[in-house]
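Visitor: Sequence and predicted structure, then a few things I'm wondering about:
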Protein chains: 2
Amino acid sequence: MALAERTRSPRRTELIGIAARLFSERGYHGTSMQHLAEVLGVQRGSLYAHIGSKEELLFEVVTEGADRFLQRGESALKLEAPASERLRSLLVGHVETAIEHLDAATVFLNEWRYLSPELRALIQDKRDRYEAIVRDIVTDGIRAGEFRNDADVRFAARLVLSAGNWTYTWYRPGGELGPKEIGERFSELVIRGLQP
Amino acid sequence: MALAERTRSPRRTELIGIAARLFSERGYHGTSMQHLAEVLGVQRGSLYAHIGSKEELLFEVVTEGADRFLQRGESALKLEAPASERLRSLLVGHVETAIEHLDAATVFLNEWRYLSPELRALIQDKRDRYEAIVRDIVTDGIRAGEFRNDADVRFAARLVLSAGNWTYTWYRPGGELGPKEIGERFSELVIRGLQP
DNA sequence: CTGACCCAAACGACCGTTTGTTTGCCGACC
DNA sequence: GGTCGGCAAACAAACGGTCGTTTGGGTCAG
């Protein structure tokens, strides 16, 4: 059976969701097919009716995480607004994505390196595209005079990504601040740092 | 043999160094005793002459990483200087530590969660102390009027930690910029963001 | 001759994956 | 309306291999 046909199976989708949770909690190598099967309520051999391999499962989860970030990033880039506003939108979207899909985001950020070289390259490509989006926005801001023209674009972009990507390590649901507030505060600090 | 006695054995130290490298490259669960033994040039059972368990090895590496950060942080806190200068010193020291001991730092940041609850609590304590140091410096800066008094201390501290902690994911030795330059640029951006 | 160091072998458990078979449900046809 | 083919889903069992760890005996330098 081709992968594309299996993709729509509800049972398969359910399994991917379970994998996202367990991989984020115990790590990819720390999660066995046995663990996954127990949560799904099935024998471990039965999982192979829905997936081709354990790695395929990791790839699905990582891709899901990557695509969410990329989608949000691209819509922030396309906004008709000043660069600082687009940067704010991107950072808020980033934090929201990371928090609303905490499991997939955690696996995307932590476990993608355990993919085989071929699959990892596909993800690396999406990471590169995302980082390019951030750099483009910062560059626009410098050109428009919104940001200091001596700002180092690559460092500014990395500060933004660092702030967003570390969130999943300390955020726990039910805190006093929602995703949006967190993103707003981060972006305010970062944008102030970039202003002339 | 007590743990304290074994600690000074050169062979054991060598093993811990190998563990730092392999755990950082392949993850804790992705590294087997077999892998470690091969690099040391020994049968895997022989490793147990030097350590009590695989987890003890992880604990040693994580502790090494944690202590390095904590030591640098404490010396930055004690500096006789304005808060902005101490914050700069801390961030530079953080990045330097992360880069100079990239393996131990990576394991400390990534793999500590796989420790058993008892050992993990010991590390969590060090993490808390480190975060408290950052918060203290920011609070001092606000009190002294160096930083905006509407700055959110916890968010500022987290931005600093995020910037520092994400470094290991993208830094590769031999780049154009050294650890010190990287730390300086980050701290400049952050401190600007905090100024009134 | 004492320790530090290591080997060879084995322990039971678990790993990811494959196989052949069974189950229960579906729409199609008599 | 009843029966039957087909099919997705799951089972039980086994594959060869690896896991972390223990044991007992050997080697060799101080």
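Guide: All right, it came through fine.
Visitor: what about A:Glu181, helix or strand, and which?
Guide: Following DSSP states H and E, one finds A:Glu181 within helix A:179-194.
Visitor: and that helix with chain B, contact?
Guide: Yes: shown here: helix A:179-194 in contact with chain B (C-beta under 8 Å from any C-beta of the partner chain) through A:Ile182, A:Arg185, A:Phe186, A:Glu188, A:Leu189, A:Val190, A:Ile191, A:Arg192, A:Gly193, A:Leu194. Placement of C-beta: from N, CA and C, glycine included.
Visitor: Separate out the buried members of those residues.
Guide: Buried members of these, scored by 16 or more other C-beta atoms under 10 Å in any protein chain shown, are A:Ile182, A:Arg185, A:Phe186, A:Glu188, A:Leu189, A:Val190, A:Ile191, A:Arg192, A:Gly193, A:Leu194.
Visitor: wait, does stretch A:55-66 make contact with DNA strand C?
Guide: Yes: counting by C-beta under 7 Å from any atom of the strand, DNA strand C has neighbours in stretch A:55-66: A:Glu55.
Visitor: what's that stretch in contact with?
Guide: Stretch A:55-66 has contacts (C-beta atoms under 8 Å, 6 or more residues apart in numbering or on different chains) with A:3, A:15-16, A:19-20, A:23, A:28, A:36, A:51, A:101, A:103-105, A:107-109, A:111-112, A:114-116, A:119, A:122-123, A:126-127, A:130.
Visitor: just the buried members of the residues you listed?
Guide: Burial by neighbour count, judged by 16+ other C-beta under 10 Å, picks out A:15-16, A:19-20, A:23, A:28, A:36, A:51, A:101, A:103-105, A:107-109, A:111-112, A:114-115, A:119, A:123, A:126-127, A:130 from the contacts of stretch A:55-66.
Visitor: Out of those, which sit inside helices?
Guide: Those of these mapping onto helices are A:15-16, A:19-20, A:23, A:36, A:103-105, A:107-109, A:119, A:123, A:126-127, A:130, per DSSP state H.
Visitor: and which of the buried ones among the residues of helix A:179-194 next to chain B is nearest DNA strand D?
Guide: Set against DNA strand D, the nearest of these by C-beta to the nearest atom of the strand is A:Ile182 (37.3 Å).
Visitor: which residues touch the closest one?
Guide: A:Ile182 makes contacts with A:Val95, A:Ile99, A:Thr167, A:Tyr171, B:Phe155, as judged by C-beta under 8 Å, 6+ apart.
Visitor: now for the residues you listed, which pair is the farthest apart?
Guide: A:Ile99 and B:Phe155 (14.7 Å; C-beta to C-beta).
Visitor: low-scoring stretches of chain A, by residue?
Guide: By pLDDT under 70, the low-scoring segments of chain A are A:1-8.
Visitor: Close to DNA strand C: what parts of it are there?
Guide: Chain A comes close to DNA strand C at residues A:Thr31, A:Ser32, A:Met33, A:Gln34, A:His35, A:Arg44, A:Gly45, A:Leu47, A:Tyr48, A:Ser53, A:Lys54, A:Glu55, as judged by C-beta under 7 Å from any atom of the strand.
Visitor: Inside helices: which ones of those residues?
Guide: In this view, these that belong to helices under DSSP H are A:Met33, A:Gln34, A:His35, A:Lys54, A:Glu55.
Visitor: Backbone dihedrals for the closest residue to A:Ser9 other than its chain neighbours, please?
Guide: Excluding the flanking residues, the one nearest A:Ser9 by C-beta to C-beta, 6 or more residues apart in numbering or on different chains is A:His50, at 6.4 Å. When read as degrees, to the nearest 10, the backbone of A:His50 gives phi -110, psi -20.
Visitor: Drop anything exposed from the ones in helices among the residues of chain A next to DNA strand C.
Guide: The neighbour-count criterion (16+ other C-beta under 10 Å) marks A:Met33, A:His35, A:Lys54 among those as buried.
Visitor: Any residue of stretch A:144-157 touching chain B?
Guide: Yes: counting by C-beta under 8 Å from any C-beta, chain B is contacted by stretch A:144-157 at A:Ala151, A:Asp152, A:Phe155, A:Ala156.
Visitor: contacting residues for the first one?
Guide: Under the criterion of C-beta under 8 Å, 6+ apart, the contact list for A:Ala151 reads A:Val138, A:Ile142, A:Leu194, B:Leu189.
Visitor: Assign A:Leu177 to helix, strand or coil.
Guide: With DSSP: H, G, I helix; E, B strand; the rest coil as the basis, A:Leu177 sits in coil.
Visitor: Can you tell me, leaving aside adjacent residues, what's nearest to it?
Guide: Nearest non-adjacent residue to A:Leu177, counting by C-beta to C-beta, 6+ apart: A:Arg185, 8.0 Å away.
Visitor: Alongside chain B, which residues does chain A contribute?
Guide: A:27-30, A:110, A:114, A:151-152, A:155-156, A:158-159, A:161-163, A:165-167, A:169-170, A:182, A:185-186, A:188-195.
Visitor: what about A:Phe147, which SS state?
Guide: At A:Phe147 the chain is in coil, as set by three-state DSSP.
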